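Chemist: can you look at this prediction? I've put the sequence above it.
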Amino acid sequence: MLFAYMFVDVMSPLQSLIQKQRGWSPDAFGYYAGAEYILNVFGFLILAGIILDKMGVRFTGTLSASLMVAGALIKLYAISELFQGTALELWLNSWWTEMPGSAKLAALGFMIFGCGCEMAGITVSKALAKWFEGKEMALAMGLEMAIARIGVFFIFTISPRLADSVVPASVVVPVAFCSALLCIGLLAYIVFTFMDAKLDREMGANKVAEAESDEEFKLSDVGSIFKSKLFWIIAMLCVLYYSAIFPFQRYAANMLQCNLGISETQASDIFRWFPVGAAALTPLLGYYLDRKGKGASMLILGAILMIVCHLTFAFVVPATKSELITYSAIVVLGISFSLVPAALWPSVPKIMDKRFLGSAYSLIFWVQNIGLAFVPILIGKVITWSNPGVTDPMQYDYTLPMCCFASLGVLALIFGIILKAMNTVHHYGLEDPNIKEDFEDVRIDGEA
Ligand SMILES: C[C@H](N)C(=O)N[C@@H](CCCCN)C(=O)O
């Protein structure tokens, strides 16, 4: 997941460079960024859930890592000099001219990568649940997310530097670097499959069979999940919150460049502290949640902090051009991005029957992916629409796009409040510690 998250954001600090080098407009960049989730939205994630439940974590993890490598190599080829001037590029350039051929092929690669990446996300959750059952699962999930966030910090640090390491600067170097890391990730997962097989042998065949039949994917479960009000509240909170984080991450470096009048590298150097704050706090909050609870309150606080930060980027940073305020907003956003994931993912087992859990995660991811696919496109359009005639990628006004992100935060907050109110009435246990056996347990199958 570390290398996957690095690959996801390798181009994020390079928006203005790819615009200069390959002619990608903000709209084209938005389409490219949204492409990561398109195939998932059109049903791949549901299929991924079925594959995972039928074939297990070893096969699905290896498949997902292989898909990531294949997608990465296609994207690398698309942005490389090798692709320039080929018949394929000329053909891709000949239709939907707003989107250059290199952006179209890179988007295809990113789509395939995105299938692997999301499939890996579900697989890792299931593997963690298997390895840490009855132990510190929230802490384990928190540590997994923290490692991934460190990858984002690292890539925001090195991506612009790798791009500048050749003359003229090129996006190919950082993308090639991350593609190589994904190959190492695939090898690492193959090593894990041997460890997992050993665990199965240690657990004994009966226990494994029991664990697997517990989580078997049934089509009728999808109907039960979709009929649940609680599922929709969690899924809406998730899609609204994450749509104001990951798509923002794609545009953040350029937003800082435009607001502060700084270089790509300087902007990345500021923004990279966002995932660091999240990486430091997420495992601690997971540890806290395991012992003290307060999950629903953490979700609400996380949404409030996000709204404050996005409004600060919209109005205060451009007016003051203050680096101190910018850094403060980045760190606070990092705290928000610890509170919500640390509380959200371990809350799902509290409200879903164990039998539904694998499909519940895959369906929450699916709803979330709809937002992650379309919000970057929307934001690209808002940037273009609110900056008529602006061609210099250093001169965009980000007020309106940041207000859009803040509005998503307000909607997420409303769903967080509804969730907490429902929890107070129905006692789902969302405010209770994870390590506690005797709280009143009301799940979807008992909801009606
Ligand atoms: C984008 C992805 N679908 C996602 O939601 N990622 C979460 C982590 C989910 C848990 C994965 N084992 C994140 O906060 O990065």
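Modeler: The structure has been received and is ready for your questions.

Chemist: enumerate the residues of the stretch 301-448 of the chain near the ligand.
Modeler: Within the stretch 301-448 of the chain, the residues that sit near the ligand (CB under 6 Å from any ligand atom) are 341, 345, 365, 368. C-beta: built from backbone N, CA, C; applies to glycine.

Chemist: for the ligand, give me its nearest residue in the stretch 201-350 of the chain.
Modeler: The ligand sits closest to residue 341 of the stretch 201-350 of the chain, with a gap of 3.9 Å, by CB to the nearest ligand atom.

Chemist: skipping its backbone neighbours, what lies nearest that residue in space?
Modeler: Distances taken as CB to CB, 6 or more residues apart in numbering place residue 145 nearest to residue 341, at 5.5 Å, with adjacent residues excluded.

Chemist: and what of residue 90?
Modeler: Leaving out its chain neighbours, the residue that sits closest to residue 90 by CB to CB, 6+ apart is residue 101, at 7.3 Å.

Chemist: and residue 292, by the same measure?
Modeler: Leaving aside its chain neighbours, residue 292 sits nearest to residue 433 (5.6 Å; criterion: CB to CB, 6+ apart).

Chemist: which bits of the stretch 1-150 of the chain sit near the ligand?
Modeler: Residues of the stretch 1-150 of the chain lying near the ligand by CB under 6 Å from any ligand atom: 118, 121, 124, 125, 144, 145, 148.

Chemist: number of residues surrounding the residue nearest to residue 292?
Modeler: With neighbours defined by other CB atoms under 10 Å, the count for residue 433 comes to 16.

Chemist: now do residue 184
Modeler: 11.

Chemist: what's the answer for residue 130, then?
Modeler: Neighbour count of residue 130, defined by other CB under 10 Å: 18.

Chemist: what are the boundaries of the helices in the stretch 151-300 of the chain?
Modeler: Under the criterion DSSP state H, counting those that start in this stretch, the stretch 151-300 of the chain contains helices at 172-203, 205-214, 219-227, 229-243, 246-260, 264-271, 273-292, 295-311.

Chemist: could you say which of the ones you listed is packed most deeply?
Modeler: The highest mean neighbour count among the helices of the stretch 151-300 of the chain, using mean count of other CB atoms under 10 Å, belongs to helix 246-260: a mean of 24.

Chemist: could you check the angle that one makes with helix 229-243?
Modeler: Angle between the axes of helix 246-260 and helix 229-243 is 30 degrees (criterion: axes from the mean of the first three to the mean of the last three CA atoms, to 10 degrees).

Chemist: quick one: buried residues of the helix or strand where residue 411 lies?
Modeler: If you go by DSSP states H and E, residue 411 is part of helix 399-426. Buried residues in helix 399-426, counting neighbours by 16 or more other CB atoms under 10 Å, are found at 401-406, 408-416, 419-420, 422-423.

Chemist: could I get the residues of the stretch 1-150 of the chain next to the ligand as a markdown table with distance to residue 96?
Modeler: Formatted as a markdown table, those follow (distance: CB to CB, whole Å):
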| residue | distance to residue 96 |
| --- | --- |
| 118 | 26 |
| 121 | 30 |
| 124 | 35 |
| 125 | 36 |
| 144 | 38 |
| 145 | 36 |
| 148 | 33 |
